[in-house]
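Student: need a structure here:
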Amino acid sequence: MMTGFHQNYIGAHQHHETNMTLIPHGIRPIPHLLADAGYFTCIMSRKTDCNFLPDKRDELFTGKDWSERKPG
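Tutor: Here you go, the predicted structure:
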């Protein structure tokens, strides 16, 4: 869901693996594509479970909460 590709295609076979790998070259997480298009992205949950790297909220999303969004 986070990349638009099936988990097996990008090497994120099962949730909660201990040896997570980088997303293959050329595949970008959907939040990055949205940010490139000018959208503010955030996740309101405390948990981010992507099973690939990058997997940290601050690496994937523009902010932590909608209150960080600039007016307009």
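Student: can you pull the pLDDT of L34?
Tutor: Listed pLDDT for L34 reads 93.
Student: make that Q14, sorry
Tutor: Looking at Q14, the pLDDT reads 67.
Student: again, but for the one 5 residues further on
Tutor: pLDDT recorded at N19 is 73.
Student: Checking it next. Helix, strand or coil?
Tutor: Look at N19: counting by DSSP: H, G, I helix; E, B strand; the rest coil, its state is coil.
Student: For burial, what's the neighbour tally of it?
Tutor: N19 is flanked by 4 other residues according to other Cβ atoms under 10 Å. For the C-beta atoms, the positions are set from N, CA and C on the backbone; glycine is no exception.
Student: separation between it and H32?
Tutor: N19 is 23 Å from H32, where distance means Cβ to Cβ, to the nearest Å.
Student: what does D65 give?
Tutor: According to Cβ to Cβ, D65 and H32 sit 19 Å apart.
Student: So these two - more neighbours on which side?
Tutor: H32 (18 against 10).
Student: can you pull the contacts of the more buried one?
Tutor: The neighbours of H32, taking Cβ atoms under 8 Å, 6 or more residues apart in numbering as the test, are L60.
Student: and it, that one's in a helix?
Tutor: Yes. Counting by three-state DSSP, H32 is found in a helix.
Student: which stretches of the chain form helices?
Tutor: Ranges of helices in the chain, per DSSP state H, are 7-10, 30-36, 57-60.
Student: among the helices and strands of the protein, which has the poorest mean pLDDT?
Tutor: Least confident element among the helices and strands of the chain, by mean pLDDT, DSSP states H and E: helix 7-10 (a mean of 77).
Student: Which positions within it qualify as buried?
Tutor: Buried residues in helix 7-10, counted by 16 or more other Cβ atoms under 10 Å: 7, 10.
Student: got a list of contacts for it?
Tutor: Contacts of helix 7-10 (Cβ under 8 Å, 6+ apart): 3, 13, 23-24, 27, 51-52.
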